[in-house]
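Asker: pasting the sequence and the predicted model now:
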Amino acid sequence: MTMKKENKALRTHVLDELDWAPNVDAENIGVAVSDGVVTLSGRVPSYAEKRAAERAVLRVAGVKGVANDLKIRLPDKFERSDTDIAKAVRRAIEWHTELPTDKIKVKVDDGWVTLEGTVSWNYQRVRAEKAVRYLAGVRGVNNQITVKARPVPSDLRERIRKALERQAGHETDRLSIMVEEGTVTLKGTVDSWADREDIERAVWDAPGVSKVHNKLNVDAEVYAY
């Protein structure tokens, strides 16, 4: 199959997946494909839908990357002042039982929410963003929360290797795991975007990890449809 035909086939599958996703209205989304990289264009009514569209594309076999150029046009009923959004964000964080509310600061500029502060675990950093992503009026989230540095076990690399084999079901001989103090760098090739994310999540759960550089490549083979 020529590259042109592969791109055309991949575009069809991306459109089908966007149409299949219940939390995405594909009618106003444009899709272009070049060498396996998908570019999304058009307008969606919320930041949550923009993220959902991107996630849908990454589920399609053969996708090597996504350029999400979707613009957000909020319906009138979802328009909020920055002050109202900031108050809603604070409430969402304060009501979340897993978040250290006194450690997270919030700024809002033209609907864009910036989260700052330091937390003990990466899952808290992720939870904070998810807590505000679906609030009315939010146009985007800039998550600048950092994970607090902690003592690093001497056998951290071995713990990570065992965790990946146990949780993600991967043979780690395909991966390069480099540890420098609390920073872990991952290299190698995995079969899917889901595998790539599962591996990163497993690494973040290791004690002492404060930063992860995920340089894993996805072996996004374009199948003959």
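Answerer: Perfect, I can see it now.

Asker: for the rest of this, base every contact and every neighbour count on C-alpha atoms.
Answerer: OK.

Asker: pLDDT-wise, which helix or strand of this structure ranks last?
Answerer: Of the helices and strands making up the chain, the lowest-confidence element is helix 193-204, at a mean of 88, by mean pLDDT, DSSP states H and E.

Asker: please name every helix or strand in contact with the helix or strand that comes right after that helix.
Answerer: Using DSSP states H and E, the helix or strand that follows helix 193-204 in sequence is strand 211-218. Counting contacts by 3 or more C-alpha pairs under 8 Å, 6 or more residues apart in numbering; DSSP states H and E, strand 211-218 packs against strand 183-190, helix 193-204.

Asker: quick one, which of the ones you listed gets closest to Ser34.
Answerer: Ser34 lies closest, by C-alpha to C-alpha, to one member of the helices and strands packed on strand 211-218: helix 193-204, at 18.3 Å.

Asker: next up, the contacts around Lys211.
Answerer: For Lys211, the contact set (C-alpha atoms under 8 Å, 6 or more residues apart in numbering) comprises Val147, Gly182, Thr183, Val184, Trp204.

Asker: mind checking pLDDT for the first one?
Answerer: Put plainly, it is Val147. Per-residue confidence at Val147 stands at 93 (pLDDT).

Asker: let me see the contact set for it.
Answerer: Applying C-alpha under 8 Å, 6+ apart, the residues near Val147 are Thr118, Val119, Ser120, Trp121, Asn122, Arg125, Ser210, Lys211.

Asker: quick check, nearest of these to Gly30?
Answerer: Closest approach between the contacts of Val147 and Gly30, by C-alpha to C-alpha: Arg125, at 31.6 Å.

Asker: host element of that closest one?
Answerer: Here Arg125, judged by DSSP H and E, is contained in helix 122-133.

Asker: got it, and Arg157?
Answerer: Under the criterion of DSSP H and E, Arg157 resides in helix 156-163.

Asker: which one's the longest helix in this structure?
Answerer: In terms of residue count, the longest helix belonging to the chain (DSSP state H) is helix 3-20.

Asker: can you list the helices and strands packed on strand 211-218 in TSV and add mean neighbour count?
Answerer: As requested, those are exported to TSV (neighbours: other C-alpha atoms under 10 Å):
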stretch	mean neighbour count
strand 183-190	17
helix 193-204	19
